[in-house]
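A.B. asks: can't give you the sequence, but here's the structure:
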């Protein structure tokens, strides 16, 4: 694979490259991540959790390098740190302002630990780089099995809790009064997010994760506010990003992370351009309507 | 007829501090009740007790003939600063739908009957025209209507509204107050409204619960809008004016130095 990445320039044999085992693994693994990330993105935005999602990816960094240090699987290290960090953030202040401060502080500590573990493990620069920027082309068959389990868990859990989770996300005070277990749902969401981020870090890396978890849903939300449609469009954008990114990567022999992120961001920019100055998005109107409709 | 609310010797404690005590009162069903008192007197706390979110330290509470419990579908609730958390991610219609089915787990399509109930609630509060717009696109008055639609969509018998007129201009205040009167007449619901300013609500209020010196009391609205009581309640001189037309309103019973005198 190192040989493959050595040259730069258009590769006429890109179709053959796409059919290689590592590319097949990348396509399957990337698609599973896109599915989970696209579905969760909507909730990340409605819960105003984008910063926490970004931070969780960084919290995974010491998990990955720590796993290398003790000789454990990287996926396991990522999962333990992401889930642990997520629960920690979830248990911190309810108010957004408190949460932001706590999240940022945990993020900084985690990144510091990541550097320490990497140094202690004697990890070379390329190992660290692959955690920070993803290494989709190195996904093994074993990792695919883990991805499959994680994705299944995310999809099934979301199918079960999506509606009350949405209620608890947009309207926590009323949801709580209506008997919705707001706090438990919040923790469940963080665990699902951590599982998704564990996978996504291996696709696009901790530094680029935002583009796969938040950007597709943000793009979809510009187009519609129907919850099911937002989820479907976000998944479609995430899938398109991964697929197109891999094809482009095979064509010019450059890291897929760059292309995946570029496609997602290009989609976001295009939709912003199309809807950008649409005055009715996010803008209040003060048109008055007749006082009260006839009560019947 | 079962009273909407009955308190017997209730004491409420929060964070080790008694918020209020000796709560002994009965609110009749079908009343429109102003819940008044100075800041920090425990008005919102009363709502939390009724919603089953805060257990009482002692005494007995009955809401619509039963113990307070979370998830009581007979109660519709609109919290204070309702709009603060709502972004552009949800439409008015989605929010009202969540009020009806938001607590249900599992995949399940909203049924035509449920859609019809959502439409009926949006129509009843006059929000049908902007049902498909995002909450962030609506004005404060429109958002408040949607919130009320969400509270009534499940046919609640008791509405708890926390400062529903805050941040609304005069016209929107009047329209929301008129809507409350219509809801009571048409559906016989009991409505409790926490409010800092009584005046805009006086046309529809029948009763009041006032938190005086750490104890809640109930009285007919006419017995509460009295200069002595309100002055004591708020700790500042309050006057009550009754016009020849029978309109009642309260005013600050003091005057600033004539601001123009300094210029003369």
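C.D. replies: Happy to help now that I have it. What you are looking at is a predicted structure, and each value in this text was computed from that prediction instead of being measured.

A.B. asks: tell me the secondary structure for the closest residue to chain A within the stretch 1-150 of chain B?
C.D. replies: Proximity of the stretch 1-150 of chain B to chain A (C-beta to the nearest C-beta) peaks at residue B:71, 2.2 Å away. To be clear about C-beta, it is placed using only N, CA and C from the backbone, and glycine gets the same treatment. In three-state terms, and counting by DSSP: H, G, I helix; E, B strand; the rest coil, residue B:71 is coil.

A.B. asks: and it, how many neighbours does it have?
C.D. replies: Using other C-beta atoms under 10 Å in any protein chain shown, residue B:71 has 13 other residues around it.

A.B. asks: Can you tell me the closest non-neighbouring residue to it?
C.D. replies: Closest residue to residue B:71 apart from its sequence neighbours, by C-beta to C-beta, 6 or more residues apart in numbering or on different chains: residue A:179 at 2.2 Å.

A.B. asks: do the same with residue B:230
C.D. replies: In space, and not counting its chain neighbours, residue B:230 is closest to residue B:238: 3.9 Å by C-beta to C-beta, 6+ apart.

A.B. asks: what about the strands in the chain?
C.D. replies: Defaulting to chain A. Using DSSP state E, chain A contains no strands.

A.B. asks: if you could check chain B rather than the one you did, that'd help
C.D. replies: Assigned strands in chain B, in chain order: B:5-14, B:17-27, B:32-36, B:58-63, B:75-78, B:158-162, B:190-194, B:207-212, B:215-220, B:238-242, B:248-252 (criterion: DSSP E).

A.B. asks: Turn the ones you listed into JSON lines, including distance to residue A:264 and mean pLDDT.
C.D. replies: Formatted as JSON lines, the strands of chain B follow (distance: least, C-beta to C-beta, whole Å; pLDDT from 0 to 100):
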{"stretch": "strand B:5-14", "distance to residue A:264": "47", "mean pLDDT": "95"}
{"stretch": "strand B:17-27", "distance to residue A:264": "50", "mean pLDDT": "94"}
{"stretch": "strand B:32-36", "distance to residue A:264": "50", "mean pLDDT": "95"}
{"stretch": "strand B:58-63", "distance to residue A:264": "50", "mean pLDDT": "95"}
{"stretch": "strand B:75-78", "distance to residue A:264": "38", "mean pLDDT": "95"}
{"stretch": "strand B:158-162", "distance to residue A:264": "41", "mean pLDDT": "96"}
{"stretch": "strand B:190-194", "distance to residue A:264": "46", "mean pLDDT": "96"}
{"stretch": "strand B:207-212", "distance to residue A:264": "54", "mean pLDDT": "94"}
{"stretch": "strand B:215-220", "distance to residue A:264": "56", "mean pLDDT": "94"}
{"stretch": "strand B:238-242", "distance to residue A:264": "60", "mean pLDDT": "84"}
{"stretch": "strand B:248-252", "distance to residue A:264": "58", "mean pLDDT": "78"}
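
A.B. asks: tell me the centre residue of chain A?
C.D. replies: In chain A, the centroid-proximal residue (C-alpha atoms, centre = their mean) is residue A:213; its distance is 2.7 Å.

A.B. asks: in chain B, which helix or strand is least confident?
C.D. replies: Each helix and strand of chain B was given a mean pLDDT (mean pLDDT, DSSP states H and E); the minimum falls on strand B:248-252 at a mean of 78.

A.B. asks: so how far is that strand off the chain centroid?
C.D. replies: Distance of strand B:248-252 from the chain centroid (C-alpha atoms, centre = their mean, to the nearest Å) equals 20 Å.

A.B. asks: That strand - which strands sit beside it in the sheet, and in what orientation?
C.D. replies: Strand pairing for strand B:248-252, determined by DSSP bridges: strand B:238-242 (antiparallel).
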